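Colleague: I'd like to go over a predicted model; first the sequence, then the structure.
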There are 2 protein chains.
Amino acid sequence: MRSTMMDLPLSVQMILRHGARIHANSRVGTFDGAAFAYARFAEVARRAERLASALASLEVRQGARVATYCWNHQHHLEAYLAVPSMGAVLHTLNIRLFPEQVAGVMDHAGDDVLIIDGSLLAQVAGVLPDIRSLRHVIVVGETATEVPPGHFRLHRYAELLAAGAERFPWPTVDERDAAVVCYTSGTTGSPKGVVYSHRSVFLHTLATLGKDTFGICQADRILLLPSMFHANAWGLPYSAWFSGADLLLPGPHLKSTDIRVIIEQQRPTFTAMVPTLINDLLVADRQVPMDMSCFRVLVSGGSAVSPALITRVRERWGVPVLQGWGMTETSPMCCLSIPPRSASTDEEAEWRSKSGRPVPGMEVRIVGTDDRPLPEDGSTVGDLQLRGPWVTAGYHDHPAPESFSPDGWLRTGDVGTIDAQGYVQITDRTKDVIKSGGEWVSSLELENKLAGFPGVREVGVIGIPDPRWEERPLVFLVCDPQQATVAPQAIRDHLSPLVARIAVPENFAFLTELPKTSVGKIDKVALRRLFATGKVDVVRVK
Amino acid sequence: MRSTMMDLPLSVQMILRHGARIHANSRVGTFDGAAFAYARFAEVARRAERLASALASLEVRQGARVATYCWNHQHHLEAYLAVPSMGAVLHTLNIRLFPEQVAGVMDHAGDDVLIIDGSLLAQVAGVLPDIRSLRHVIVVGETATEVPPGHFRLHRYAELLAAGAERFPWPTVDERDAAVVCYTSGTTGSPKGVVYSHRSVFLHTLATLGKDTFGICQADRILLLPSMFHANAWGLPYSAWFSGADLLLPGPHLKSTDIRVIIEQQRPTFTAMVPTLINDLLVADRQVPMDMSCFRVLVSGGSAVSPALITRVRERWGVPVLQGWGMTETSPMCCLSIPPRSASTDEEAEWRSKSGRPVPGMEVRIVGTDDRPLPEDGSTVGDLQLRGPWVTAGYHDHPAPESFSPDGWLRTGDVGTIDAQGYVQITDRTKDVIKSGGEWVSSLELENKLAGFPGVREVGVIGIPDPRWEERPLVFLVCDPQQATVAPQAIRDHLSPLVARIAVPENFAFLTELPKTSVGKIDKVALRRLFATGKVDVVRVK
């Protein structure tokens, strides 16, 4: 007996058609620093169709790579919709990389076309002539930058669109065709390209609409703080388009003063951000109170959030924090810290501070060094591995067998536990685990336990060599400038009852800010370099 | 550039694994008429695994058909999970069909195994020996019925499970493999088999979790009133399992007094029902008030709901009604009457009384007789056609090119409009079908069965409005002048053994001749007009 069902390819085209048709009146707003300029989905869809026909007139064929080097704005969204739907591959470039790194990934991806903000052109103009595959550079908005001559043609986005045909015959795509390529931030080596398929984008998008996932719906107004070059901004542009949620795009205006203006003017219901930014907003709120009651949830990801921070956000603003654990390799939605339905109010912050449980469609396991599953009892620590229809099985033109188990699960590089209800708790990055006296000390646990400590603004922990213990933790602290410097002994007294004796640190270093990666995570590689080059004063207390 | 994503088959296995692992503590309750017996998902999953291994020991191979003839209860759910996951095909039989019809579809599907409630065995025991493919009959619960000997073996469900192994090596399935077959009710011809694939079940299930669709989530307690033999009970058993919602299974206890007890005892949050039942509950509520405040929504489908009914439910119980338009061919979730976000409170009932707009993934269009799209302006009327990854493209072993457009859309047989925001309004239905109590009664079938009845010269059947059943058949008769007038009761006696009970008519009208169209067919439009203008005397017999 054979299935009788329709065999329609799951695709970005489906998402584009649905939003354009069913949610024609939903809106995309772009911030210019003072106010929002809005366009209806119907209008954005018309422009996306013009963009596709304009690109086709530049002989952009199916499979060609169209890169973007842009802030979060409406034109970037037009490329999100048009490029995959025309059968080409959208390559979202990280604007925080060095020019040479940009040239490297463009070359590696074989980019044919670059769509670039005029305001960002100066950052990379010098390297563009080096990219051999590049045939067209399309500049969005005004620019004063001169582009050195190359074997590409220069265009203006507005003119190109105006010249594009109104209708474009969208081609048939195969659901396994490439739709978007996004390179990892490359903190652990050279950047690697994850190539999302039409199928994986569609499935991820459908999954983000789930009531027990992000729950994106037509009533939402999404403040898109995650960068559109970072794992498709958590997939949210597609989620908004498929569900009819309004999108609020901040452009380059990302300071906490900008965000305050946006929140107060536009009353978004949903956003996602790194914990550091939540902290910044709490600091800003102490200076001038902010009304955050418009949010139904604040999603946090990139690094762990402490229960203290979650409790503070709930108490101050009445908003739950939802933690997401995911990565470029997972599209990125993977685990979310939605408490189990049995959780009491008292336990809520504790559950929400976990890395979360896999959303429907995703699977997670812990394994030993032999890749064999370990007990999921909430205490056994092992390497975390993932599998699911929106997880990558490799990297573009970059064999990486070490990243996958023999049976095809993704090795996340994170270490942690899984409990009886399937909740993951990451205890560390594989490489960040501190081995001390034969025990594993979790740098993450120390960071979490110190996150809410009075006077501590930021904290980062690394392992440093120790002749007796092999390694010992070193705690980097950024203290609140308005308060007295935190005393190391006070920290030791605070931690003593909370962690194993071996984990109580005796090494401290004080900085005015912590180095961050291009996606806002604490840059542990930089912290280790600071220590290794003797550029920090280590205070030793014992 | 090729996609790097994992190529995992979308499957019922994924759903089974997720619910068993992540929602081990969610519960399935079965009603015995007085109280619920509960089992945790973990326990149901263990039993499903035992069932799979027991079936395998009966040499049920991948692709074999395992039929169920059961009420809604836990054992039926175990089959829902085990049968597709082991690579076999679940065939859910309609317990309201006549034994010969049951034998017909079992034969057509080539059923290998039948799982049947002991309490239902008497209904079909006599025909089982006729089904040549049938090798095993598994009886759930007690029975006093003797099964005539056949070339099948008889088993008891409980004993079979007890003998099954604890672990079963689930095989790899292809996502396009058949998972479930469900026959249409066959009002417009013989019943036709829609064969859902693993892929279509997975996608439909994921889609039902969407906040703007059914929004099934772990906080839900689903009262499963739709029959599990009717389009997978709207897909809800899989939705509950994937999301961790509790399932409340009423067994055969479906009277409104039973439903009252269940609602008052168990406080469900979600259910789906036919409008007739909503009406019954409102009537029951007038006698003894019911507290329905536990429901977050009442989903209604099968036939249209009036704005007045929607308003009454909202005013009386504070619960929104959500209307669903779908069919066996669409898995069935297709269009839902969620109001647009711009709708005011005053307009809400009006929006909710529409047939709805397509959920993400589904597409709908109206076409003329040439299959070419018509304007979607809310007023142009045309034939409604559907497309989507969980819509059928054909029927099992039954070519039906007339059911599909040349470009592959499903012809629904319904006629209506689509407005600027994509909302469908069905204005008319396939002209010969009568919708009564959520079931489809075929006027054509009644006419055929009466065509040869002694003393009947001509017969024509239309649907007329009925306050309780929405529609009931009205039989127009032209009697042979040479014979005595046919007695309505004689007709009822004649039809009773031939058609479903719901189809036995109680309304009759006698004419001297029937109006005809230009090609000599009975003119049903004229018959409807005769009735509407009060120009016929209706004889009511019951």
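Modeller: Received the coordinates, thanks. Residues are numbered from 1 along each chain as shown, chains lettered A, B, ... in the order given.
Colleague: how about the strands in the stretch 201-350 of chain A?
Modeller: Listed in chain order, the strands found in the stretch 201-350 of chain A under DSSP state E, counting those that start in this stretch are A:221-223, A:246-249, A:270-273, A:297-301, A:321-325, A:335-336.
Colleague: which one of these lies closest to chain B?
Modeller: Chain B lies closest to strand A:246-249 among those, at 9.3 Å (C-beta to the nearest C-beta). The way it works is simple: take the backbone N, C-alpha and C, and place the C-beta from them, glycine included.
Colleague: sorry, back to before: JSON lines for the strands of the stretch 201-350 of chain A, including mean pLDDT and mean neighbour count?
Modeller: Formatted as JSON lines, these follow (pLDDT from 0 to 100; neighbours: other C-beta atoms under 10 Å in any protein chain shown):
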{"stretch": "strand A:221-223", "mean pLDDT": "98", "mean neighbour count": "24"}
{"stretch": "strand A:246-249", "mean pLDDT": "98", "mean neighbour count": "26"}
{"stretch": "strand A:270-273", "mean pLDDT": "96", "mean neighbour count": "24"}
{"stretch": "strand A:297-301", "mean pLDDT": "94", "mean neighbour count": "23"}
{"stretch": "strand A:321-325", "mean pLDDT": "95", "mean neighbour count": "25"}
{"stretch": "strand A:335-336", "mean pLDDT": "98", "mean neighbour count": "25"}
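Colleague: as a markdown table, those with distance to A:Ile95 would be great.
Modeller: Formatted as a markdown table, these follow (distance: least, C-beta to C-beta, whole Å):
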| stretch | distance to A:Ile95 |
| --- | --- |
| strand A:221-223 | 19 |
| strand A:246-249 | 15 |
| strand A:270-273 | 18 |
| strand A:297-301 | 20 |
| strand A:321-325 | 23 |
| strand A:335-336 | 28 |
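Colleague: now do the same for whichever residue of the stretch 401-542 of chain A sits closest to chain B: helix, strand or coil?
Modeller: Nearest to chain B, among the residues of the stretch 401-542 of chain A, is A:Gly422, at 4.2 Å (C-beta to the nearest C-beta). With DSSP: H, G, I helix; E, B strand; the rest coil as the basis, A:Gly422 sits in coil.
Colleague: the one 3 residues further on too?
Modeller: When the structure is reduced to helix, strand and coil (three-state DSSP), A:Gln425 reads as strand.
Colleague: so what's it bridging to?
Modeller: A:Thr417 (DSSP bridges).
Colleague: show me the contacts for it.
Modeller: A:Gln425 sits next to A:Lys354, A:Ser355, A:Gly378, A:Gly416, A:Thr417, A:Ile418, A:Asp419 when contact means C-beta atoms under 8 Å, 6 or more residues apart in numbering or on different chains.
Colleague: run the last query once more with 6 Å
Modeller: Shown in contact with A:Gln425 (C-beta atoms under 6 Å, 6 or more residues apart in numbering or on different chains): A:Lys354, A:Ser355, A:Gly416, A:Thr417.
Colleague: I'd say the residue of the stretch 401-542 of chain A closest to chain B and B:Ile22 touch.
Modeller: Yes. Taking C-beta atoms under 6 Å as the definition, A:Gly422 is a contact partner of B:Ile22 at 4.2 Å.
Colleague: neighbour count: the two, which is higher?
Modeller: B:Ile22 (25 against 19; other C-beta atoms under 10 Å in any protein chain shown).
Colleague: tell me the contacts of the more buried one?
Modeller: Contacts of B:Ile22 by C-beta under 6 Å, 6+ apart are A:Arg357, A:Gly422.
Colleague: okay, strands next: where are they in the stretch 401-542 of chain A?
Modeller: A:410-418, A:424-429, A:434-436, A:439-441, A:456-466, A:470-479, A:507-511, A:539-540.
Colleague: the one residue in the stretch 1-150 of chain A that gets nearest to chain B: how many residues sit nearby?
Modeller: Going by C-beta to the nearest C-beta, chain B is nearest to A:Ser3 of the stretch 1-150 of chain A, at 3.5 Å. For A:Ser3, the count of nearby residues is 27 (other C-beta under 10 Å).
Colleague: who are the contact partners of it?
Modeller: Each residue near A:Ser3 by C-beta under 6 Å, 6+ apart is listed here: B:Arg176, B:Ala178, B:Val195, B:Ser197.
Colleague: contacting residues around A:Thr276?
Modeller: A:Thr276 touches A:Gly520, counting by C-beta under 6 Å, 6+ apart.
Colleague: against A:Leu225, how distant is it?
Modeller: Separation of A:Thr276 from A:Leu225 (C-beta to C-beta, to the nearest Å): 12 Å.
Colleague: any chance of the contacts of A:Gln425 in a markdown table, with pLDDT, distance to A:Val367 and neighbour count too?
Modeller: Compiled in a markdown table, these are given as follows (pLDDT from 0 to 100; distance: C-beta to C-beta, whole Å; neighbours: other C-beta atoms under 10 Å in any protein chain shown):
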| residue | pLDDT | distance to A:Val367 | neighbour count |
| --- | --- | --- | --- |
| A:Lys354 | 93 | 20 | 24 |
| A:Ser355 | 94 | 16 | 27 |
| A:Gly416 | 93 | 11 | 24 |
| A:Thr417 | 96 | 12 | 22 |
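Colleague: close to chain B: what parts of chain A are there?
Modeller: Residues of chain A that fall close to chain B, judged by C-beta under 6 Å from any C-beta of the partner chain: A:1, A:3-6, A:8, A:18, A:21-22, A:89, A:176, A:178, A:194-195, A:197, A:200, A:206, A:209-212, A:215, A:217-219, A:242, A:341, A:357, A:360, A:389, A:391-395, A:422.
Colleague: hmm, back to that, how about JSON lines for the contacts of A:Gln425, with distance to A:Phe229 added?
Modeller: Formatted as JSON lines, these follow (distance: C-beta to C-beta, whole Å):
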{"residue": "A:Lys354", "distance to A:Phe229": "28"}
{"residue": "A:Ser355", "distance to A:Phe229": "24"}
{"residue": "A:Gly416", "distance to A:Phe229": "28"}
{"residue": "A:Thr417", "distance to A:Phe229": "33"}
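Colleague: just the closest of those residues to A:Leu254, please.
Modeller: A:Ser355 (25.7 Å; C-beta to C-beta).
Colleague: shouldn't that closest one be in contact with A:Gly326?
Modeller: No. Distance between A:Ser355 and A:Gly326: 9.7 Å, which falls outside the contact criterion (C-beta under 6 Å).
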